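# how would this look folded up:
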Amino acid sequence: MTGITKRVAPVAVLGALVIGSVTLAATRPLEQTWWSLAMAALFAVVFCLAYRFRIWPLADEVLDGGDHLLVRRRDEEQRVLFSDISRVELSRSGKSHRMTLFLARPGPFGAAVVFLAPKSAFPNPFARDPLELELASRVDAAHGRTTS
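Numbers count the residues shown, from 1 in each chain. Coordinates of the predicted model:
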């Protein structure tokens with residue numbers, strides 16, 4: 001799902017922005033539209049920067065392989081052993097839950113693997129996410145640590 005979103009969203013947003021700007025410029029004199037066109041250009045730059053640093057690094061898919069996770073991003077795959085993960089974090093910002101797996105040794109995707117975690121059916125804002133707890137306990141078990 002993330003892979004589709006990463007490819008469709010920028011085309012849709014920037015395409016709508018270009019169509020709107022061209023329509024506006026074609027129907028009104030430049031003296032009346034220059035400010036709107038400047039704002040559209042500024043929005044495009046901010047959107048591209050936010051997209052580049054917040055959305056593009058996300059993994060397209062993360063699959064459970066038992067003793068490892070198989071991470072896919074674009075045409076690349078990385079097999080991440082639970083013993084290679086040093087820490088698991090979940091960031092809840094708005095509607096998205098970003099799960100970050102910090103790696104002991106950087107791999108093809110860098111020192112951390114970031115993906116959008118599925119939300120639980122009954123979210124409790126005061127409790128840790130069940131997926132985060134499960135991954136953290138599997139990481140602890142791979143490192144021989146006991147969880148309390």
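# List the buried residues of stretch 18-36.
21, 25, 33 (16 or more other Cβ atoms under 10 Å). Where you see a C-beta, it was placed from the backbone N, CA and C, and this is true even at glycine.
# List phi and psi for the first one.
Going back to what we said before, that points to S21. In terms of degrees, to the nearest 10, the main-chain angles of S21 are phi -70, psi -40.
# List the residues that contact it.
Listed by Cβ atoms under 8 Å, 6 or more residues apart in numbering, the contact set of S21 reads 36-37, 40.
# at 7 Å what do you get?
By Cβ atoms under 7 Å, 6 or more residues apart in numbering, the contact set of S21 is 37, 40.
# picking that back up, and which of the buried residues of stretch 18-36 is nearest to F102?
Distance to F102 across the buried residues of stretch 18-36 (Cβ to Cβ) is lowest for S21, with 41.4 Å.
# domain parsing for this protein?
2-55, 61-143 (automatic domain parsing).
# For the shortest one, what is the distance to the chain centroid?
Taking the mean C-alpha point of domain 2-55 and that of its whole chain, the gap between them comes to 21 Å (Cα atoms, centre = their mean, to the nearest Å).
# Likewise for the last one?
Relative to the mean C-alpha coordinate of its chain, domain 61-143 is positioned 12 Å out (Cα atoms, centre = their mean).
# how close does the residue lying farthest from the centre of the chain sit to A104?
For the chain, the residue at maximal distance from the C-alpha centroid (Cα atoms, centre = their mean) is P29, at 40.7 Å. Distance from P29 to A104, counting by Cβ to Cβ, to the nearest Å: 61 Å.
# Next: V45.
Taking Cβ to Cβ, one finds V45 at 37 Å from A104.
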